[in-house]
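> all I have is the shape, not the residue letters:
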């Protein structure tokens with residue numbers, strides 16, 4: 001399972017640092033669209049949402065066409 005974390009403009013590096021300090025495995029940082037992809041492990045969505053700069057957290061979904 002992967003989570004997509006949308007962050008506010010200009011806060012992507014700060015949020016990435018905060019996630020890593022919490023032990024969250026950061027898989028990718030998409031600076032152009034302000035999204036961080038993580039493997040959440042035991043972190044709770046509420047803890048991640050509480051990080052300053054985080055706008056939204058959602059589970060990555062597979063889409064088949």
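Received it, and whenever you're ready, just let me know what you need. No experiment lies behind these values; they were computed from the predicted model shown. Numbering: from 1, shown residues only.
> now do the contacts for the closest residue to residue 49 other than its chain neighbours.
Excluding its sequence neighbours, the residue lying closest to residue 49 (CB to CB, 6 or more residues apart in numbering) is residue 57, at 5.6 Å. Glycine gets a C-beta too; all of them are placed from N, C-alpha and C. Neighbouring residues of residue 57 by CB atoms under 8 Å, 6 or more residues apart in numbering: 3, 4, 5, 6, 45, 48, 49.
> kindly recompute the last result at 10 Å.
Listed by CB atoms under 10 Å, 6 or more residues apart in numbering, the contact set of residue 57 reads 3-6, 36, 38, 40, 43-49, 51.
> tell me if residue 26 really is in a strand.
Yes - under DSSP: H, G, I helix; E, B strand; the rest coil, residue 26 falls within a strand.
> next one: the helix or strand of the chain with the lowest mean pLDDT to chain centre, how far?
When the helices and strands of the chain are scored by mean pLDDT, DSSP states H and E, helix 45-49 comes last with a mean of 90. Offset of helix 45-49 from its chain centre (CA atoms, centre = their mean, to the nearest Å): 9 Å.
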